[in-house]
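**Student:** give me a model of this one.
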Amino acid sequence: MILLMILDGWGISERVEGNAIRQARTPVYCALLSKYPHSQLGASGEDVGLPEGQMGNSEVGHMNLGAGRIVYQDYTRINRAIRDGTFFKKEPLIKAVNWVKDRESTLHVMGLLSDGGVHSSMEHLVALLKLAAKHNVHTVVHPFLDGRDVLPRSAETYILQARQKMKELQTGTIGTVMGRYYAMDRDNRWRRTQRAYEALTGIDGLTADSPEEAIRESYRKGETDEFVQPTIIGETIDERDSVIFFNFRPDRARQLAKAFVDDPFPHFEREKLDIFFVCMTEYEDDISAPVVFHPLSLKNTLGEVLSAHHLRQLRIAETEKYYHVTYFFNGGKEEAFEGEDRILIPSPKVATYDMQPEMSAHQVTARVIT
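**Tutor:** Predicted coordinates for the structure are as follows:
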């Protein structure tokens, strides 16, 4: 038996300050390094198909490991399309614009507002604002606040940048604001998704005169950007509108996208709106919505090669990383290969994992060794 054990987020640095791994007691890890050959892999920037200087992330790391080669990421592909102009001619985007033109309605643009580069990009939002300005369509932006891939109290900086671009391009207002805790859940905590959906569609939510007011009120409660409660600022999504979801990473975009497009939808009560909904990338192959950038076809991933040689393989992870050891490791393929078994260990039901930092590591270990 061969074990590929991925210690997600286990970085290598001699720096001690702020480095929990360097300060921890790691006798098994240190013994393995002292006894067996080892090397290092680049996990960021061009080494994993990202722009130079861009930090890596779990999705990117698993996809490159499974492929055994550099996989150019959606982030990079979208950037290139913006620079060569093909972005502005993409059929789903043009259809979204024409939909609101024909109906004299509103184009809504929603996604994570930060320069963390893990789930979204400010450059992609700006490109969509340029598209809206070019076609002179009424546009409303719905920013999801980060606080995880960037500093926990940095949202006002990004709101200011977005406002400046909207003013420069003479298009766009802010309709709602909320933390990613609600808009980008990936662990089937549908009540969070419901609160995001209801604010975005004007059904229910806190209200404020500006996003800054909502953010500062959240800070007064001790809640950082990630946890800003869904707040209605201005216009919300209505019948006959178009929506472009500009997050490029699928795992934290799926639930909210499904809330808008799935019919039937079993997770909470809602009436499906007659809207034109566009996904920047393919969030899941059964989501019935136009996709701007379809996934690249990755052949001969590790899982595919093992299956072709009639070798058994087991993928095991807790909920938070299940998609990573399956979907991403298989190059964006949802279905298991022949001979591939999967075990899902539930992640703990806590608000944030600093409350249970070991997560389900003990349970995963127990299943592997039994």
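
**Student:** which residues in this protein form helices?
**Tutor:** Secondary structure of the chain by DSSP state H: the helices cover 20-23, 27-35, 58-67, 74-84, 91-103, 122-135, 155-169, 180-183, 190-200, 211-220, 254-261, 302-308, 319-323, 361-369.

**Student:** next, the buried residues of the third one.
**Tutor:** Buried residues in helix 58-67, counting neighbours by 16 or more other C-beta atoms under 10 Å, are found at S58, E59, V60, G61, H62, M63, N64, L65, G66, A67. Just so you know, the C-beta spots here come from the backbone N, C-alpha and C atoms, and that holds for glycine as well.

**Student:** looking at the helices of the chain, which one is packed in the most?
**Tutor:** Most buried of the helices of the chain by mean neighbour count (mean count of other C-beta atoms under 10 Å) is helix 180-183; its value is a mean of 27.

**Student:** in terms of secondary structure, what does that one contact?
**Tutor:** Contact partners of helix 180-183 among helices and strands, from 3 or more C-beta pairs under 8 Å, 6 or more residues apart in numbering; DSSP states H and E: strand 107-113, strand 139-145, helix 190-200.

**Student:** touching, V243 and D274? I think so.
**Tutor:** No - taking contacts as C-beta atoms under 8 Å, V243 lies outside contact range of D274: 11.7 Å.

**Student:** so between the two, which is more surrounded?
**Tutor:** Per other C-beta atoms under 10 Å, whichever of V243 and D274 has more neighbours is V243, with 25 against 10.

**Student:** now do the same for that one: its pLDDT.
**Tutor:** Predicted confidence (pLDDT) for V243: 99.

**Student:** which outside residues touch stretch 300-319?
**Tutor:** 65-68, 187-188, 324-326, 329-331, 333, 336-347, 359-361, 363-364, 367-368 (C-beta atoms under 8 Å, 6 or more residues apart in numbering).

**Student:** these in strands, which ones?
**Tutor:** Counted as lying in strands by DSSP state E, out of the contacts of stretch 300-319, are E340, D341, R342, I343, L344, I345.

**Student:** quick check: the fifth one touching Y322?
**Tutor:** Yes - counting by C-beta under 8 Å, L344 sits close enough to Y322 to count as a contact (5.1 Å).

**Student:** Provide the contact partners of stretch 65-78 at residue level.
**Tutor:** For stretch 65-78, contacts defined as C-beta under 8 Å, 6+ apart pick out 6, 46-51, 54, 60, 63-64, 87, 117, 121, 124, 248-249, 280-281, 293, 295-296, 298, 300-303, 328-331.

**Student:** from these, list the buried ones, please.
**Tutor:** Buried among these by 16+ other C-beta under 10 Å: 48-51, 54, 60, 63-64, 87, 117, 121, 124, 248-249, 280-281, 293, 298, 301-303, 328-331.

**Student:** for stretch 29-49, how far is the first residue from the last?
**Tutor:** 28 Å (C-alpha to C-alpha, to the nearest Å).

**Student:** could you do stretch 250-263 as well?
**Tutor:** End-to-end for stretch 250-263, by C-alpha to C-alpha: 20 Å.

**Student:** that one: how far from the chain's middle?
**Tutor:** Computed by C-alpha atoms, centre = their mean, to the nearest Å, the chain-centroid distance of stretch 250-263 equals 11 Å.

**Student:** now do that stretch, average pLDDT.
**Tutor:** 97.

**Student:** likewise stretch 130-138?
**Tutor:** For stretch 130-138, the mean confidence score works out to 98.

**Student:** kindly report the same for stretch 151-170.
**Tutor:** Rounded mean pLDDT across stretch 151-170 is 98.

**Student:** quick one, domains of the chain?
**Tutor:** Domain assignment of the chain by automatic domain parsing yields the ranges 20-72+296-369, 85-293.

**Student:** turn those domains into TSV, columns for distance to I12.
**Tutor:** Converted to TSV, these look like this (distance: least, C-beta to C-beta, whole Å):
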stretch	distance to I12
domain 20-72+296-369	6
domain 85-293	20
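
**Student:** one step back: reformat the helices and strands packed on helix 180-183 as TSV; add distance to Y72.
**Tutor:** Output for the helices and strands packed on helix 180-183, formatted as TSV (distance: least, C-beta to C-beta, whole Å):
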stretch	distance to Y72
strand 107-113	21
strand 139-145	25
helix 190-200	30
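
**Student:** out of these, which comes closest to A253?
**Tutor:** A253 lies closest to strand 107-113 among the helices and strands packed on helix 180-183, at 8.3 Å (C-beta to C-beta).

**Student:** correct me, but D251 touches V60?
**Tutor:** No - using C-beta under 8 Å as the test, D251 is too far from V60 to be in contact (11.8 Å).

**Student:** which neighbours do the two have in common?
**Tutor:** With C-beta under 8 Å, 6+ apart, D251 and V60 have no common neighbours.

**Student:** end-to-end on stretch 18-29?
**Tutor:** Stretch 18-29: ends 19 Å apart by C-alpha to C-alpha.

**Student:** contacting residues around it?
**Tutor:** Contact with stretch 18-29 is made by W10, G11, S13, E14, R15, V16, as judged by C-beta under 8 Å, 6+ apart.

**Student:** at 7 Å instead, please
**Tutor:** Outside of stretch 18-29, the residues within contact range by C-beta atoms under 7 Å, 6 or more residues apart in numbering are W10, G11, S13, R15, V16.
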